[in-house]
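> Turn this into a model:
(chains A and B)
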Amino acid sequence: AQTVTQSQPEMSVQEAETVTLSCTYDTSESDYYLFWYKQPPSRQMILVIRQEAYKQQNATENRFSVNFQKAAKSFSLKISDSQLGDAAMYFCAYRSASGANSKLTFGKGITLSVRP
Amino acid sequence: EAQVTQNPRYLITVTGKKLTVTCSQNMNHEYMSWYRQDPGLGLRQIYYSMNVEVTDKGDVPEGYKVSRKEKRNFPLILESPSPNQTSLYFCASSLSGGRRPQHFGDGTRLSIL
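Next up is the predicted model:
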């Protein structure tokens, strides 16, 4: 079974600074997808960024980018130029590319606070 | 507007009183799933459905039932709720295939007293 580990329960960043959220995962599969979801206080689950394991190039979405290290099974999220609206809980998630169940396996989440 | 709609958003009820949380999507998605979110545990899958009349257990199915009689609807049924089912519940849907992004509902906060 796949597992996703987010070892830091909380992090804090100064507005306009850069912060990196860590995530590691364990799988025996070679083809899969990795995601970062943001959950603000409104508790919506918002997809931030997606990475396909077969792509070597790291995904980027505006101020959000990932550092995907497949051999190390590491998938960190970098937020540049942090804004107050980035304050939220962030979840790392894994999804297999095969099988009938497109289940997302989530980490425990990390609470990010942004200091003005 | 493409969306996944859950109802109710909040519910406080008592042990043993049957309840249903509805989930409806308007995107013609084949795949639908229920998750529960608990502090320190992240989200865990309860049940999922690959299409109409095709459902299967996820990681934490005990105490829950689902049905998929129509493609757009995937209700979650708690026939005899207990306090350990107090949680935040999410419904999600997507087209089939792992690369397809899942669309989440806004969540349902259930409190079982």
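
> Please, where are all the strands along chain A?
With DSSP state E applied, chain A shows strands at A:3-5, A:10-14, A:19-21, A:24-26, A:32-39, A:46-52, A:60-61, A:64-69, A:74-79, A:88-96, A:104-106, A:110-115, listed in chain order.

> ok, how many other residues are close to B:Leu113?
A count of nearby residues for B:Leu113, using other CB atoms under 10 Å in any protein chain shown, gives 10. All C-beta atoms are positioned from the backbone trio N, CA, C, and that covers glycine.

> Return the set of buried residues in stretch B:48-57.
Within stretch B:48-57, the residues that qualify as buried are B:Tyr48, B:Ser49, B:Met50, B:Thr55, counting by 16 or more other CB atoms under 10 Å in any protein chain shown.

> Backbone torsions only: list them for the first one.
The phi and psi values for B:Tyr48, taken as degrees, to the nearest 10, are phi -140, psi 170.

> need the contact list for residue 83.
Using chain A. Shown here is A:Gln83, whose contacts under the criterion CB atoms under 8 Å, 6 or more residues apart in numbering or on different chains are A:Glu15, A:Arg63, A:Val114.

> ah, no, chain B please
Shown in contact with B:Pro83 (CB under 8 Å, 6+ apart): B:Thr15, B:Ile112, B:Leu113.

> So which of these belong to helices?
With helices taken from DSSP state H, there is no overlap with the contacts of B:Pro83.

> Can I get those in JSON lines including pLDDT?
As requested, the contacts of B:Pro83 are arranged in JSON lines below (pLDDT from 0 to 100):
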{"residue": "B:Thr15", "pLDDT": "96"}
{"residue": "B:Ile112", "pLDDT": "97"}
{"residue": "B:Leu113", "pLDDT": "95"}
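
> Go through these and name the one nearest B:Ala2.
Using CB to CB, the shortest approach to B:Ala2 within the contacts of B:Pro83 belongs to B:Ile112, at 31.7 Å.

> helix or strand for the spatially most central residue of chain B, which one?
With the centre of chain B defined as its mean C-alpha position, the nearest residue by CA atoms, centre = their mean is B:Trp34, 3.1 Å away. In the assignment (DSSP states H and E), B:Trp34 maps to strand B:31-38.

> Paired strands for that strand, with orientation please.
Looking at strand B:31-38 with DSSP bridges, its paired strands and their directions are strand B:42-51 (antiparallel), strand B:87-94 (antiparallel).

> what's next to it, contact-wise?
Contacts of strand B:31-38 (CB under 8 Å, 6+ apart): A:102-104, A:106, B:23, B:25, B:43-51, B:58, B:60, B:64, B:66, B:68, B:74, B:76, B:87-96, B:100, B:102, B:107.

> redo that, cut-off 7 Å
For strand B:31-38, contacts defined as CB atoms under 7 Å, 6 or more residues apart in numbering or on different chains pick out A:102-103, B:23, B:25, B:43-50, B:60, B:66, B:68, B:74, B:76, B:87-96.

> Dump the contacts of A:Gln83 to CSV, plus neighbour count and pLDDT.
Supplementary listing: those in CSV, determined by neighbours: other CB atoms under 10 Å in any protein chain shown; pLDDT from 0 to 100:
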residue, neighbour count, pLDDT
A:Glu15, 13, 97
A:Arg63, 13, 97
A:Val114, 20, 97
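
> so can I have a markdown table of those residues showing distance to chain B?
Supplementary listing: the contacts of A:Gln83 in a markdown table, determined by distance: CB to the nearest CB, whole Å:
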| residue | distance to chain B |
| --- | --- |
| A:Glu15 | 27 |
| A:Arg63 | 19 |
| A:Val114 | 21 |
